[in-house]
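Enquirer: The following comprises the amino acid sequence and a computationally predicted model.
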Amino acid sequence: MGKLTLISTPIGNLDDISKRAITALSEVNLIACEDTRRTGQLLAHFDIKKPLISYYEENEQRQISQLIAEIKKGKTVGLVTDSGTPSISDPGFRLVRECIAQNIEIDAIPGPSAAIMALSISGLPTNRFLFEGFLPPKQGKRITALKSLKNMREIKRFTIISYESPYRLVKTLADLKEVFGDIDVVVCRELTKVYQEISREKVSESIKHFTNTTPKGEFTLVF
(Lines give C-alpha, C1' and ligand atoms only; values in the text may rest on other atoms or scores of the structure.)
Protein backbone atom coordinates (compact mmCIF):
# COMPACT_ATOMS: atom_id res chain seq x y z
CA MET A 1 0.00 0.00 0.00
CA GLY A 2 1.24 3.45 -0.93
CA LYS A 3 0.01 6.73 0.53
CA LEU A 4 -1.39 10.17 -0.28
CA THR A 5 0.70 13.26 0.42
CA LEU A 6 -0.86 16.73 0.33
CA ILE A 7 1.85 19.18 -0.74
CA SER A 8 1.47 22.92 -0.21
CA THR A 9 2.86 25.12 -2.97
CA PRO A 10 3.51 28.90 -3.18
CA ILE A 11 0.56 31.27 -3.57
CA GLY A 12 2.63 33.53 -5.79
CA ASN A 13 6.27 33.88 -4.85
CA LEU A 14 8.17 30.69 -5.74
CA ASP A 15 10.73 31.38 -3.02
CA ASP A 16 8.05 30.50 -0.47
CA ILE A 17 8.20 26.80 -1.30
CA SER A 18 9.68 24.72 1.52
CA LYS A 19 12.54 22.25 1.32
CA ARG A 20 10.15 19.52 2.46
CA ALA A 21 7.76 20.37 -0.38
CA ILE A 22 10.57 20.14 -2.96
CA THR A 23 11.69 16.82 -1.48
CA ALA A 24 8.14 15.47 -1.48
CA LEU A 25 7.54 16.51 -5.08
CA SER A 26 10.79 14.78 -6.03
CA GLU A 27 9.93 11.54 -4.23
CA VAL A 28 6.27 10.90 -5.07
CA ASN A 29 5.45 8.54 -7.93
CA LEU A 30 2.85 10.78 -9.53
CA ILE A 31 1.21 14.14 -8.87
CA ALA A 32 -2.49 14.97 -9.02
CA CYS A 33 -3.00 18.65 -9.80
CA GLU A 34 -5.65 21.17 -10.85
CA ASP A 35 -3.83 22.49 -13.93
CA THR A 36 -1.12 20.26 -15.39
CA ARG A 37 0.40 23.22 -17.26
CA ARG A 38 0.71 25.36 -14.15
CA THR A 39 2.10 22.53 -12.04
CA GLY A 40 4.39 21.58 -14.92
CA GLN A 41 5.88 25.08 -14.82
CA LEU A 42 6.42 24.79 -11.06
CA LEU A 43 8.17 21.44 -11.43
CA ALA A 44 10.31 22.71 -14.31
CA HIS A 45 11.45 25.65 -12.17
CA PHE A 46 12.84 23.20 -9.62
CA ASP A 47 14.03 20.69 -12.25
CA ILE A 48 11.58 17.98 -11.15
CA LYS A 49 10.08 15.52 -13.62
CA LYS A 50 7.03 13.54 -12.54
CA PRO A 51 3.90 12.12 -14.22
CA LEU A 52 0.93 14.47 -13.78
CA ILE A 53 -2.74 13.59 -13.60
CA SER A 54 -5.49 16.18 -13.89
CA TYR A 55 -7.57 16.50 -10.71
CA TYR A 56 -9.96 19.42 -10.36
CA GLU A 57 -13.46 20.11 -9.09
CA GLU A 58 -15.33 19.00 -12.22
CA ASN A 59 -13.54 15.62 -12.58
CA GLU A 60 -12.85 14.99 -8.89
CA GLN A 61 -15.29 12.12 -8.45
CA ARG A 62 -14.09 10.33 -11.60
CA GLN A 63 -10.39 10.61 -10.73
CA ILE A 64 -10.63 9.43 -7.13
CA SER A 65 -11.00 5.76 -8.06
CA GLN A 66 -7.96 5.94 -10.36
CA LEU A 67 -5.83 7.61 -7.70
CA ILE A 68 -6.92 5.12 -5.06
CA ALA A 69 -6.03 2.29 -7.43
CA GLU A 70 -2.54 3.72 -7.94
CA ILE A 71 -2.03 4.03 -4.17
CA LYS A 72 -3.11 0.41 -3.68
CA LYS A 73 -0.44 -0.61 -6.17
CA GLY A 74 2.10 0.82 -3.74
CA LYS A 75 2.57 4.25 -5.26
CA THR A 76 2.81 7.52 -3.35
CA VAL A 77 0.48 10.10 -4.88
CA GLY A 78 1.19 13.78 -4.34
CA LEU A 79 -1.75 16.18 -4.36
CA VAL A 80 -1.25 19.86 -5.18
CA THR A 81 -3.53 22.74 -6.15
CA ASP A 82 -2.76 25.71 -8.36
CA SER A 83 -1.53 27.53 -5.27
CA GLY A 84 -1.51 27.17 -1.52
CA THR A 85 -2.65 24.28 0.64
CA PRO A 86 -4.66 21.46 -1.00
CA SER A 87 -8.30 21.01 0.08
CA ILE A 88 -8.53 24.51 1.60
CA SER A 89 -11.21 26.04 -0.65
CA ASP A 90 -9.70 23.83 -3.36
CA PRO A 91 -10.20 20.22 -4.51
CA GLY A 92 -8.89 17.54 -2.19
CA PHE A 93 -11.14 16.81 0.76
CA ARG A 94 -13.15 14.13 -1.09
CA LEU A 95 -9.96 12.26 -1.94
CA VAL A 96 -8.76 12.60 1.65
CA ARG A 97 -12.11 11.33 2.92
CA GLU A 98 -11.99 8.28 0.62
CA CYS A 99 -8.43 7.48 1.69
CA ILE A 100 -9.55 7.60 5.32
CA ALA A 101 -12.45 5.27 4.53
CA GLN A 102 -10.05 2.78 2.93
CA ASN A 103 -7.39 3.00 5.69
CA ILE A 104 -4.85 4.59 3.37
CA GLU A 105 -2.04 6.58 4.98
CA ILE A 106 -2.23 10.35 4.49
CA ASP A 107 0.55 12.86 5.04
CA ALA A 108 0.71 16.62 4.50
CA ILE A 109 3.50 19.10 3.84
CA PRO A 110 2.31 22.40 5.36
CA GLY A 111 2.93 25.69 3.66
CA PRO A 112 1.45 28.92 2.30
CA SER A 113 -2.20 29.90 2.70
CA ALA A 114 -3.58 33.22 1.48
CA ALA A 115 -6.31 33.17 4.14
CA ILE A 116 -3.88 32.82 7.05
CA MET A 117 -1.43 35.35 5.63
CA ALA A 118 -4.20 37.91 5.13
CA LEU A 119 -5.50 37.35 8.66
CA SER A 120 -2.05 37.68 10.21
CA ILE A 121 -1.38 41.09 8.64
CA SER A 122 -4.94 42.45 8.78
CA GLY A 123 -4.66 44.03 12.21
CA LEU A 124 -8.02 42.48 13.10
CA PRO A 125 -8.45 39.99 15.98
CA THR A 126 -6.90 36.61 15.17
CA ASN A 127 -7.96 34.47 18.13
CA ARG A 128 -11.33 33.56 16.57
CA PHE A 129 -11.94 33.58 12.84
CA LEU A 130 -14.30 32.13 10.25
CA PHE A 131 -13.12 31.18 6.77
CA GLU A 132 -15.83 31.41 4.11
CA GLY A 133 -13.82 30.51 1.02
CA PHE A 134 -15.52 32.08 -2.02
CA LEU A 135 -18.90 33.68 -1.41
CA PRO A 136 -21.65 32.71 -3.91
CA PRO A 137 -21.13 34.34 -7.34
CA LYS A 138 -24.80 35.35 -7.74
CA GLN A 139 -25.83 38.46 -5.81
CA GLY A 140 -29.02 37.04 -4.31
CA LYS A 141 -27.29 34.01 -2.88
CA ARG A 142 -24.31 36.12 -1.81
CA ILE A 143 -26.52 38.50 0.19
CA THR A 144 -28.31 35.52 1.74
CA ALA A 145 -24.95 34.04 2.76
CA LEU A 146 -23.82 37.34 4.28
CA LYS A 147 -27.10 37.72 6.19
CA SER A 148 -26.68 34.18 7.52
CA LEU A 149 -23.25 35.18 8.79
CA LYS A 150 -24.60 38.33 10.39
CA ASN A 151 -27.30 36.34 12.18
CA MET A 152 -24.89 33.79 13.60
CA ARG A 153 -24.62 33.79 17.36
CA GLU A 154 -21.58 35.72 18.62
CA ILE A 155 -20.54 36.60 15.05
CA LYS A 156 -19.19 39.96 16.29
CA ARG A 157 -16.47 38.01 18.09
CA PHE A 158 -15.21 36.49 14.84
CA THR A 159 -12.98 37.88 12.10
CA ILE A 160 -14.27 36.66 8.72
CA ILE A 161 -12.02 35.77 5.78
CA SER A 162 -13.15 35.19 2.19
CA TYR A 163 -11.69 35.04 -1.29
CA GLU A 164 -13.00 37.03 -4.26
CA SER A 165 -12.31 37.42 -7.95
CA PRO A 166 -11.51 40.83 -9.45
CA TYR A 167 -14.69 40.63 -11.56
CA ARG A 168 -17.00 40.47 -8.53
CA LEU A 169 -14.98 42.46 -6.00
CA VAL A 170 -16.88 45.77 -6.13
CA LYS A 171 -20.26 44.01 -6.11
CA THR A 172 -19.25 41.89 -3.13
CA LEU A 173 -18.00 44.95 -1.25
CA ALA A 174 -21.31 46.69 -1.96
CA ASP A 175 -23.23 43.68 -0.64
CA LEU A 176 -20.99 43.64 2.41
CA LYS A 177 -21.85 47.28 3.10
CA GLU A 178 -25.56 46.61 2.61
CA VAL A 179 -25.61 43.75 5.12
CA PHE A 180 -23.03 44.83 7.72
CA GLY A 181 -22.96 48.59 7.26
CA ASP A 182 -19.86 50.71 6.67
CA ILE A 183 -17.50 48.42 8.58
CA ASP A 184 -13.72 48.21 8.49
CA VAL A 185 -12.45 45.86 5.80
CA VAL A 186 -8.98 44.73 4.82
CA VAL A 187 -8.58 44.03 1.10
CA CYS A 188 -5.48 42.03 0.19
CA ARG A 189 -4.47 41.86 -3.46
CA GLU A 190 -1.88 39.59 -5.07
CA LEU A 191 -0.38 38.36 -1.79
CA THR A 192 3.37 37.53 -1.97
CA LYS A 193 3.54 38.77 -5.57
CA VAL A 194 5.26 41.81 -7.08
CA TYR A 195 2.12 43.97 -6.98
CA GLN A 196 0.99 42.99 -3.48
CA GLU A 197 -1.39 45.59 -2.06
CA ILE A 198 -3.02 45.79 1.38
CA SER A 199 -5.87 48.28 1.92
CA ARG A 200 -7.24 48.87 5.43
CA GLU A 201 -10.25 51.18 5.30
CA LYS A 202 -14.02 51.51 5.53
CA VAL A 203 -15.86 49.33 3.05
CA SER A 204 -17.31 52.48 1.40
CA GLU A 205 -13.76 53.72 0.77
CA SER A 206 -12.79 50.37 -0.75
CA ILE A 207 -15.81 50.51 -3.04
CA LYS A 208 -14.78 53.98 -4.22
CA HIS A 209 -11.15 52.93 -4.67
CA PHE A 210 -11.87 49.84 -6.76
CA THR A 211 -14.59 51.61 -8.74
CA ASN A 212 -12.03 54.18 -9.87
CA THR A 213 -9.24 51.59 -10.26
CA THR A 214 -10.05 48.38 -12.15
CA PRO A 215 -9.43 45.42 -9.81
CA LYS A 216 -6.75 43.04 -11.06
CA GLY A 217 -5.35 39.86 -9.54
CA GLU A 218 -6.50 37.62 -6.71
CA PHE A 219 -8.21 39.11 -3.65
CA THR A 220 -8.63 38.10 -0.02
CA LEU A 221 -11.10 40.01 2.15
CA VAL A 222 -10.85 40.22 5.95
CA PHE A 223 -13.54 41.92 8.02
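Expert: Looks like it came in fine.
Enquirer: Which residue ranges make up each domain of the chain?
Expert: The chain resolves into domains spanning 3-109, 114-222 when parsed by automatic domain parsing.
Enquirer: With mean pLDDT and mean neighbour count added, can I get the ones you listed in JSON lines?
Expert: Heads up, the C-betas are built off the backbone N, CA and C, glycines and all. Listed next are those as JSON lines, based on pLDDT from 0 to 100; neighbours: other Cβ atoms under 10 Å:
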{"stretch": "domain 3-109", "mean pLDDT": "96", "mean neighbour count": "17"}
{"stretch": "domain 114-222", "mean pLDDT": "97", "mean neighbour count": "16"}
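Enquirer: all helices for the chain, in order.
Expert: 19-27, 36-45, 60-72, 93-101, 114-122, 139-150, 169-180, 203-212 (DSSP state H).
Enquirer: which one of the ones you listed lies closest to Val222?
Expert: Nearest to Val222, of all the helices of the chain, is helix 114-122, at 4.2 Å by Cβ to Cβ.
Enquirer: what does the closest one contact?
Expert: Helix 114-122 is contacted from outside by 11, 83-84, 88-89, 126, 129, 131, 159, 161, 163, 186, 188, 191-192, 198, 200, 218, 220-222, using Cβ atoms under 8 Å, 6 or more residues apart in numbering.
Enquirer: any idea how far the residue lying closest to Val179 once chain neighbours are set aside is from Ile198?
Expert: Among residues not flanking Val179 along the chain, Leu146 sits closest, at 4.2 Å (Cβ to Cβ, 6 or more residues apart in numbering). Going from Leu146 to Ile198 by Cβ to Cβ, to the nearest Å gives 22 Å.
Enquirer: Kindly report the same for Pro166.
Expert: Going from Pro166 to Ile198 by Cβ to Cβ gives 16 Å.
Enquirer: Ok, Lys150 next?
Expert: Lys150 sits at a distance of 25 Å from Ile198 (criterion: Cβ to Cβ).
Enquirer: which non-adjacent residue is nearest the most far-flung residue of the chain relative to its centre?
Expert: Going by Cα atoms, centre = their mean, the residue of the chain most distant from its centre is Lys73, 30.3 Å out. Excluding the flanking residues, the one nearest Lys73 by Cβ to Cβ, 6+ apart is Gly2, at 7.0 Å.
Enquirer: what's the burial count for that neighbour?
Expert: As a burial measure, Gly2 scores 18 neighbours (other Cβ atoms under 10 Å).
Enquirer: so who does it touch?
Expert: The contact partners of Gly2, taken as Cβ under 8 Å, 6+ apart, are 29, 70-77, 104.
Enquirer: Strands - which of those land there?
Expert: In strands, defined here by DSSP state E, the members of those are 76-77.
Enquirer: The contacts of Gly2 into CSV, with extra columns for distance to Asp35?
Expert: CSV is the format used below for the contacts of Gly2 (distance: Cβ to Cβ, whole Å):
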residue, distance to Asp35
Asn29, 20
Glu70, 20
Ile71, 22
Lys72, 26
Lys73, 25
Gly74, 27
Lys75, 22
Thr76, 21
Val77, 17
Ile104, 25
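Enquirer: Many thanks, I have nothing further to ask.
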